[in-house]
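S.K.: return atomic coordinates for the entry below.
(one chain, ligands or ions: 2)
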Amino acid sequence: MENLFFGLDLSTQQLKLTVVDENSKVILEESVNFDKELPEYGTKNGVIANGNIITSPTLMWVAAVDRLFTKLQSVGFPFRYVKAVSGAGQQHGSVYWRNNAANILANLDPSQSLVTQLSNCFSILDSPTWQDSSTTQECRQLESIVSGPEMLAKLTGSKAYERFTGNQIAKIYRHNRQAYDETERISLVSSFLATLFLGKYAQIDVSDGSGMNLLNIYTKEWDNRLLEACGGSELRQKLGEPEKDGFKIIGKISEYFIKRYGFDCECMILPFMGDNPSSLLSLRLESGDIVISLGTSDTVLLLTNQADPNTESHTLCHPIDPNTYISMLCYKNGSLTREYIRDVYANKSWNKFNEILLSYPHPHENKIGFYFRIQEITPFAHGIHRFVNQELVEEFDDPKYNARAILESQFMSMRIRTEKLMSDKEWKRIIAIGGASENTEILKVLTDVFGVDVWRYSGKNSAGYGAALKALMTTFRNANSSSSMSDLFMIADPSSENTLIYERMLNIYQQLELRVLNHNQI
Ligand SMILES: Nc1ncnc2c1ncn2[C@@H]1O[C@H](COP(=O)(O)OP(=O)(O)O)[C@@H](O)[C@H]1O
Ligand SMILES: O=C(CO)[C@@H](O)[C@H](O)COP(=O)(O)O
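M.R.: Ligands and ions are numbered 1, 2, ... in the order given. Model (predicted):
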């Protein structure tokens, strides 16, 4: 117990912590669920939705840190053995520190909670999150600055997306100038969390910085034109320079954590990362591996040596390897939309949902559904649309089929787009992570749609584990750099009959998706 490493993850619905020992073994997983444990902030699934404006109270995140550490303290956690701390955060979300906040951060009183002392530190009280889609106007404006979406993607790794932080900043800059002017620093969720542990502003790491539409993904510097367009000449100073070295010790833990919880004064803080990139650090990936995260969002993640950005996926910088990039697809209608279908058709129970899946062992070739309950990212569509024999219907004749149909369409969308990303390469294995990957029946459908083995990562918090491993690796540079294969479990062999059916369905799926998209555009 003499060398412990912390990996935090501030995700959509909860703050999670994974603690590993020097053999990279997980010795503790703890979490704070926002809705359940901090109900005074009034969130549903961690956010407050007002049409397409989706935010989280920044102070709720601060209160979650207080609560997590109080929980650990109450069980006598030996903080003095923690050698290094790193972490991750939901990507794209942003925090606006009010003028003079740095001063307050540097002088925190260890006898009081963080939330009490930081209550006046934010110029915007509700942080825009990755689920927000209220900045379409800002997106088009940003693309026009660089002659279109393709050029913006070539430069920053992505065309303009509503949730990307540059566009969120531009909205505040244009419509809430007073708050913007009162802001001395803008953090991402990850660098905000790191800031709390450092007691001073942490830089934005490049893996998370590449989700802003502001970073040149090759030089890993902010692009002046884009900065200027989103927040004027003062934006560079408000953001600070990006941190390119993922292994850099950015400082020691603050006096506040030393005095209040008993951390060692030598405990190191490493750059915190985007949650998807951080998850990749938790896995020992082989060529042909695809990682599919089934968390609040669904994401598909691939490692690549060459950045080749396009307008349908994201290219992110790798958090520790300067020569590697991450290709990512992201879906907003992930677990929460599956939960909605579970609630309507399976009596709010995953067991019942799974029973339905078991009662349909094969896909129904003629039934396809699209479940964009909230504005989707890929494709940019909205609404629930069901088709039987390619005709739009109100409901399936057998409504329980929705449970299988949602998984089929989510996974077919992933497969079609992954095929485009991999070009000549072929996937050999899928590694599933995130909350829904605990559900074997869901993963069996994934297995059949992709036609290859699906493996499941055994831990609950892959982003936190990845961050804890980075903390460990920095302390002992020669330590085993990733989890052992024994942490991965194979789910099932693909059923060749089902895989064939899905291959036939993919074409029809694509045609119907276009119809849904056109319908939305009208
Ligand atoms: N047995 C299950 N079957 C399907 N989905 C599940 C199951 N258990 C948890 N989930 C889903 O996992 C989601 C949370 O995933 P998680 O990766 O912890 O999210 P995040 O990191 O975004 O907070 C929940 O919203 C829930 O719908
Ligand atoms: O927007 C994205 C990635 O671009 C999301 O994947 C967020 O990073 C949210 O993460 P989870 O809370 O779903 O883990």
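S.K.: shaky segments in the stretch 151-300 of the chain?
M.R.: Counting by pLDDT under 70, the stretch 151-300 of the chain contains no low-confidence residues.
S.K.: for the lengthiest helix in the chain, what is the distance to the chain centroid?
M.R.: Scanning the chain for the longest helix, with DSSP state H as the assignment, gives helix 496-521. From the chain centre to the centre of helix 496-521 is a distance of 26 Å (Cα atoms, centre = their mean, to the nearest Å).
S.K.: mean confidence (pLDDT) on that helix, please.
M.R.: The average pLDDT for helix 496-521 rounds to 92.
S.K.: so residue 461 makes contact with residue 9?
M.R.: Yes - proximity of residue 461 to residue 9 meets the contact threshold set by Cβ atoms under 8 Å, at 5.7 Å. Just so you know, the C-beta spots here come from the backbone N, C-alpha and C atoms, and that holds for glycine as well.
S.K.: list the residues that contact both of those two?
M.R.: Common contacts of residue 461 and residue 9 (Cβ atoms under 8 Å, 6 or more residues apart in numbering): 16, 17, 18.
S.K.: tell me the confidence at the second one?
M.R.: Residue 17 is assigned a pLDDT of 98 by the prediction.
S.K.: mind checking the SS state of the closest residue to it other than its chain neighbours?
M.R.: Beyond its immediate neighbours in the sequence, the residue positioned closest to residue 17 (Cβ to Cβ, 6 or more residues apart in numbering) is residue 30, lying 4.8 Å away. Here residue 30 takes the strand state, with states given by DSSP: H, G, I helix; E, B strand; the rest coil.
S.K.: contacting residues for residue 30?
M.R.: Residues 16, 17, 19, 68, 71, 72 are the ones in contact with residue 30 under the rule Cβ under 8 Å, 6+ apart.
S.K.: and what of residue 275?
M.R.: When the contact criterion is Cβ under 8 Å, 6+ apart, the partners of residue 275 are 9, 11, 88, 89, 90, 91, 190, 463.
S.K.: ligand 1 contacts on the stretch 151-300 of the chain?
M.R.: For the stretch 151-300 of the chain, the residues found near ligand 1 under the criterion Cβ under 6 Å from any ligand atom are 295, 296.
S.K.: show the backbone phi and psi for the closest residue to residue 436 other than its chain neighbours.
M.R.: Sequence neighbours aside, residue 294 is the residue nearest to residue 436 in space, at 3.6 Å (criterion: Cβ to Cβ, 6+ apart). In terms of degrees, to the nearest 10, the main-chain angles of residue 294 are phi -110, psi 70.
S.K.: which one of the shared contacts of residue 461 and residue 9 has the most neighbours?
M.R.: Neighbours here mean other Cβ atoms under 10 Å. Within these, the largest count is held by residue 18, at 28 neighbours.
S.K.: can you tell me the closest non-neighbouring residue to that one?
M.R.: residue 464 (3.7 Å).
S.K.: wait, that neighbour touches residue 5, no?
M.R.: No - under the criterion of Cβ under 8 Å, residue 464 lies out of contact with residue 5, with a separation of 10.6 Å.
S.K.: identify the contacts common to these two.
M.R.: Overlap between the neighbourhoods of residue 464 and residue 5 is empty, taking contacts as Cβ under 8 Å, 6+ apart.
S.K.: how many residues are close by residue 311?
M.R.: Close neighbours of residue 311, defined as other Cβ under 10 Å, add up to 14.
S.K.: and it, which of the three is it?
M.R.: Assigned with three-state DSSP, residue 311 falls in the coil class.
S.K.: check whether stretch 91-100 contacts ligand 2.
M.R.: Yes - among the residues of stretch 91-100, 91, 92 lie within reach of ligand 2 under Cβ under 6 Å from any ligand atom.
S.K.: what are the contacting residues of that stretch?
M.R.: Counting by Cβ under 8 Å, 6+ apart, stretch 91-100 makes contact with 56, 58, 61, 120-124, 127-130, 163-165, 168-169, 172, 179, 182-190, 192, 201, 208, 211-212, 274-276, all of which sit outside it.
S.K.: wait, what's in contact with residue 259?
M.R.: If a contact means Cβ under 8 Å, 6+ apart, then residue 259 has residue 110 as its contacts.
S.K.: hmm, 10 Å instead?
M.R.: Neighbouring residues of residue 259 by Cβ atoms under 10 Å, 6 or more residues apart in numbering: 108, 109, 110, 111, 265.
S.K.: my read: residue 378 touches residue 330, true?
M.R.: Yes - under the criterion of Cβ atoms under 10 Å, residue 378 lies in contact with residue 330, with a separation of 6.9 Å.
S.K.: so between these two, which is more surrounded?
M.R.: Each of residue 378 and residue 330 has its neighbours counted (other Cβ under 10 Å); residue 330 has more, 24 against 18.
S.K.: which residues of the stretch 301-450 of the chain lie near ligand 1?
M.R.: Counting by Cβ under 6 Å from any ligand atom, the residues of the stretch 301-450 of the chain lying close to ligand 1 are 335, 336, 339, 350, 434, 435, 436, 438, 439, 442.
S.K.: can you rerun that using 8 Å?
M.R.: Within the stretch 301-450 of the chain, the positions adjacent to ligand 1 are 334-336, 338-339, 342, 350, 353-354, 433-439, 442 by Cβ under 8 Å from any ligand atom.
S.K.: let's see which of these end up in helices.
M.R.: Among those, the members that lie in helices (by DSSP H) are 335, 336, 338, 339, 342, 350, 353, 354, 442.
S.K.: among those residues, which ones lie close to ligand 2?
M.R.: When Cβ under 8 Å from any ligand atom is taken as the criterion, the members of those that contact ligand 2 are residue 335.
S.K.: farthest-separated two in the ones in helices among the residues of the stretch 301-450 of the chain next to ligand 1?
M.R.: Checking these against each other with Cβ to Cβ, the farthest-apart pair comes out as 336 and 354, at 18.2 Å.
S.K.: for the residue of the chain found nearest ligand 1, the count of nearby residues, please.
M.R.: The shortest separation between the chain and ligand 1 is 2.1 Å, found at residue 435 (distances taken as Cβ to the nearest ligand atom). As a burial measure, residue 435 scores 19 neighbours (other Cβ under 10 Å).
S.K.: in this structure it contacts residue 457, no?
M.R.: No - counting by Cβ under 10 Å, residue 457 is not a contact partner of residue 435; they are 11.7 Å apart.
S.K.: which residues do those two both contact?
M.R.: Overlap of the contact sets of residue 435 and residue 457 (by Cβ under 10 Å, 6+ apart) consists of residue 293.
S.K.: what parts of this protein come near ligand 2?
M.R.: Looking at ligand 2, the residues of the chain close enough under Cβ under 8 Å from any ligand atom are 9, 11-13, 46, 89-93, 129-131, 163, 211, 274-276, 293, 295-299, 314, 328, 330, 332, 334-335, 377, 434, 463.
S.K.: repeat that for 5 Å
M.R.: Taking Cβ under 5 Å from any ligand atom as the measure of proximity, the chain contacts ligand 2 at 11, 12, 90, 91, 130, 275, 295, 296, 297, 299, 330.
S.K.: what's near enough to touch the last one?
M.R.: By that I understand residue 330. Taking Cβ under 10 Å, 6+ apart as the contact definition, residue 330 lies against 91-92, 130, 158, 161, 163, 211, 276, 293, 297-301, 313-314, 376-378.
S.K.: change it to 7 Å
M.R.: Residue 330 makes contact with 297, 299, 314, 377, 378 under the criterion Cβ atoms under 7 Å, 6 or more residues apart in numbering.
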